[in-house]
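Student: Return a 3D structure for these sequence lines:
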Amino acid sequence: MALSNGDTVHWNTSQGKTTGKLVRKRVSEFEFDGQTFKPTDDDPYWIVESEKTGRRAAHKESALTKA
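Tutor: Numbers count the residues shown, from 1 in each chain. Next up, the predicted model:
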């Protein structure tokens, strides 16, 4: 699955399926919202922005589905 900045994606949360846009791909260790994330070459992280709330979160690429 080829993902790019600005793509619309879905991911699962405890409240159900959420939709949002990809903001930034992260391929090296980074901190976000007080947590440390360690992407791998096979599974980078994306910063995503929720369509509903506008809040941003970090998710593994494997947890995202292109809309």
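
Student: mind saving the C-alpha coords of stretch 37-57 as CSV?
Tutor: Output of stretch 37-57 as CSV, limited to C-alpha atoms (Å, rounded to 0.1, in the frame of the first residue of the first chain):
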residue,chain,number,x,y,z
PHE,A,37,8.0,5.9,19.0
LYS,A,38,10.4,3.6,17.2
PRO,A,39,9.5,3.0,13.6
THR,A,40,11.1,0.2,11.6
ASP,A,41,11.9,0.1,7.9
ASP,A,42,9.0,-2.3,7.4
ASP,A,43,6.5,-0.4,9.5
PRO,A,44,7.0,3.4,9.6
TYR,A,45,4.7,5.7,11.7
TRP,A,46,2.4,8.4,10.3
ILE,A,47,1.1,11.5,12.1
VAL,A,48,-2.6,11.6,11.2
GLU,A,49,-5.2,14.3,11.8
SER,A,50,-8.7,13.2,12.7
GLU,A,51,-11.4,14.5,10.4
LYS,A,52,-13.8,14.7,13.3
THR,A,53,-11.8,16.3,16.0
GLY,A,54,-8.7,17.8,14.2
ARG,A,55,-6.5,16.2,16.8
ARG,A,56,-3.3,14.5,15.7
ALA,A,57,-2.0,11.1,16.7
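
Student: which intervals of this structure have sub-threshold pLDDT?
Tutor: Within the chain, the ranges that satisfy pLDDT under 70 run 1.

Student: top strand in it by residue count?
Tutor: Assignment by DSSP state E gives strand 16-26 as the longest strand of the chain.

Student: Parallel or antiparallel, which strands does that one pair with?
Tutor: According to DSSP bridges, strand 16-26 has the following sheet partners: strand 8-13 (antiparallel), strand 45-50 (antiparallel).
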